[in-house]
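[1] starting from these lines, generate the structure:
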Amino acid sequence: MNIDLSLAEGLKTPFYLYDVSILNRTLQEINKCIAGKPIKVHYAVKANCNPRILSLIAEAGLGADCVSGREVSAAIKAGFNPDDICYAGVGKTDRELILAMKSGIAYLNVESIEELEVLDNLALEFGYRPNICLRVNPNIDAHTHQYITTGLQENKFGINLAMLDEAVELARNAKSLNLIGLHFHIGSQITDMTPFALLCNKVNELVDYFQKKGVNFRVINVGGGLGIDYDDPDANPIPDFKNYFDTLLKNLKIHEGQEIHCELGRAVVAQCGSLISRVTFVKKGVNRKFIILDAGMNDLIRPALYGAHHKIQNVSVDLSDSESKPATDIYDVAGPICESSDVFGKDEELPVTVRGDIFALRSAGAYAECMASTYNIRPIPETIFVD
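    Modelled structure (predicted):
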């Protein structure tokens, strides 16, 4: 992603910068990989709910995966067909469940027996018969950060395997629900395909088990979780979708009339975005040097929340001449927020930096703008699109 310094002239930093060409290339690669295959991709709206981002993804023909009622409304407003929207979430309110049913979305992913009972009663009361999938915890460790591992036995999400028989029986006997499938999600930022292969094997076991009991599932939603290259986004701007989809097709036993659904969020949008910031101070400590940016953890919370790392670039320094390398120094890169966790990177080797230099925090197209807050009464940064 080429960062044009002129974009920062006259603009108040920080701001989110989106490269539409990278997003379009990503969407084209997804559609190329699934063409002619029984796979439907739903974009996980929580990764980035910017209206223009949503509209571009809808135009590319993807569905939407939502985790709140307002995400359902935003997806429909952006142009997603309700028939291509699914709705997950462990704590859907009655109002959100009614909104989803009224909107005519494809299906809801039900995450507990308690939700199943509430949804059945609401559907009966208001005269709906929604399609549902049951979200199952397959007890597979995705080996990611504990905050983004979601498929273990006792996560707050989904239905424990030991309770699945009861949930399926209740769903089949529900007065106003139509059970069409199973839903899974084991975690996020997964770059090793092994957990996905293990998930497929577990799915095959469950589908075979319930088929013997006379229960057939039309939809198998394997969730998402495909990761991206945060360390070198320029070398790998497009995630390895082929390997991901090949893993699903190789390991899943797809039955006649069955569709495989998945929800890709970060992998769709992360690499098209950067958070652009300006250096406020270069501070010298006793043993360390600090670069203080005007962007903070309220603009990009992943490093503070997950210990995540984004590539940090001083784009004011010309690195195009490979024979003339600029002098470098070691810095801690931090923001202005009144929290010690407001740090983007420690011991970063960067070109010698001065006040006013422009920095880019890369791979910020996912879980940046959508998680921004006004902590310290700071405004939400503007968004700039380049085509």
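[2] most distant residue from the centre of the protein?
    What lies farthest from the middle of the chain is residue 286; by Cα atoms, centre = their mean that is 40.1 Å.
[3] tell me, what residue is most central in the protein?
    Centroid-nearest residue in the chain, with Cα atoms, centre = their mean: residue 265, separated by 3.2 Å.
[4] now do the same contact list for that one.
    Applying Cβ atoms under 8 Å, 6 or more residues apart in numbering, one finds that residue 265 lies in contact with 43-48, 65, 188, 224, 366. In short, each C-beta sits where N, CA and C put it, glycine included.
[5] one more time with 10 Å, if that's ok
    For residue 265, the contacting residues are 42-48, 65, 188, 224-226, 366-367, 370, by Cβ atoms under 10 Å, 6 or more residues apart in numbering.
[6] all strands for the stretch 1-150 of the chain, in order.
    Counting by DSSP state E, counting those that start in this stretch, the stretch 1-150 of the chain has strands at residues 15-19, 39-44, 63-66, 85-87, 107-110, 131-137.
[7] pull the residues that contact the shortest one.
    In this structure, residues lying in contact with strand 85-87 by Cβ under 10 Å, 6+ apart are 40, 42, 45, 63-69, 71-72, 75-76, 96-97, 99-101, 103-110, 130-133, 181, 183, 219, 221, 261, 263.
[8] what pLDDT does the spatially closest residue to residue 14 that is not a sequence neighbour get?
    Closest residue in space to residue 14, ignoring its immediate chain neighbours: residue 295 at 3.7 Å, by Cβ to Cβ, 6 or more residues apart in numbering. Note for residue 295: predicted pLDDT of 98.
[9] correct me, but residue 295 touches residue 13?
    Yes. Under the criterion of Cβ atoms under 10 Å, residue 295 makes contact with residue 13 at 7.2 Å.
[10] name the SS class of residue 230, please.
    Put simply, residue 230 is coil when judged by DSSP: H, G, I helix; E, B strand; the rest coil.
[11] restricting to C-alpha, output stretch 125-145 in PDB.
    The C-alpha trace of stretch 125-145 is given here as PDB (Å, rounded to 0.1, in the frame of the first residue of the first chain):
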ATOM      1  CA  GLU A 125     -46.100 -14.500  19.500                       C
ATOM      2  CA  PHE A 126     -45.300 -12.400  16.500                       C
ATOM      3  CA  GLY A 127     -46.200 -14.900  13.800                       C
ATOM      4  CA  TYR A 128     -42.700 -15.700  12.400                       C
ATOM      5  CA  ARG A 129     -41.000 -19.000  11.600                       C
ATOM      6  CA  PRO A 130     -37.300 -18.100  11.300                       C
ATOM      7  CA  ASN A 131     -34.600 -20.500  10.000                       C
ATOM      8  CA  ILE A 132     -32.000 -21.300  12.700                       C
ATOM      9  CA  CYS A 133     -28.600 -22.900  13.000                       C
ATOM     10  CA  LEU A 134     -27.300 -24.100  16.300                       C
ATOM     11  CA  ARG A 135     -23.900 -22.800  17.300                       C
ATOM     12  CA  VAL A 136     -21.800 -25.600  18.500                       C
ATOM     13  CA  ASN A 137     -18.600 -25.500  20.600                       C
ATOM     14  CA  PRO A 138     -16.400 -28.200  19.000                       C
ATOM     15  CA  ASN A 139     -13.800 -27.900  21.800                       C
ATOM     16  CA  ILE A 140     -11.000 -27.200  19.300                       C
ATOM     17  CA  ASP A 141      -8.100 -24.900  20.400                       C
ATOM     18  CA  ALA A 142      -7.300 -22.400  17.700                       C
ATOM     19  CA  HIS A 143      -4.000 -21.500  19.500                       C
ATOM     20  CA  THR A 144      -4.600 -17.800  19.300                       C
ATOM     21  CA  HIS A 145      -4.900 -15.100  22.000                       C
END
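[12] in that stretch, what's buried?
    Applying a neighbour-count criterion of 16 or more other Cβ atoms under 10 Å, one finds 128, 130-138, 140, 142, 144 buried in stretch 125-145.
[13] looking at this protein, which strand is longest?
    Counting by DSSP state E, the longest strand found in the chain is strand 273-284.
[14] packing partners of it?
    Helices and strands in packing contact with strand 273-284 are listed as strand 15-19, strand 289-293, strand 312-314, strand 328-334, strand 358-361, strand 382-386; criterion 3 or more Cβ pairs under 10 Å, 6 or more residues apart in numbering; DSSP states H and E.
[15] contacting residues around the helix or strand that the second one is followed by?
    Next along the chain after strand 289-293, taking DSSP states H and E as the criterion, comes helix 302-306. Contacts to helix 302-306, defined as Cβ under 10 Å, 6+ apart, come from residues 144-148, 188-189, 230, 296-298, 308-310, 333-335, 337, 339-346, 361, 363-364, 366-368, 371.
[16] what about the longest helix in this protein?
    helix 194-212 (DSSP state H).
[17] what's the angle from it to strand 131-137?
    Computed with axes from the mean of the first three to the mean of the last three Cα atoms, to 10 degrees, the direction of helix 194-212 lies at 120 degrees from that of strand 131-137.
[18] the helix or strand that comes right after helix 194-212 pairs with which strands, and in what direction?
    Per DSSP H and E, the first helix or strand lying C-terminal to helix 194-212 is strand 219-221. Sheet pairing of strand 219-221 (DSSP bridges) gives strand 178-183 (parallel), strand 259-264 (parallel).
[19] I'd like the average pLDDT over strand 219-221.
    In this model, strand 219-221 has a mean pLDDT of 98.
[20] so where's the protein shaky on pLDDT?
    The chain contains residues with pLDDT under 70 at 1-2, 5, 141-155, 321-323.
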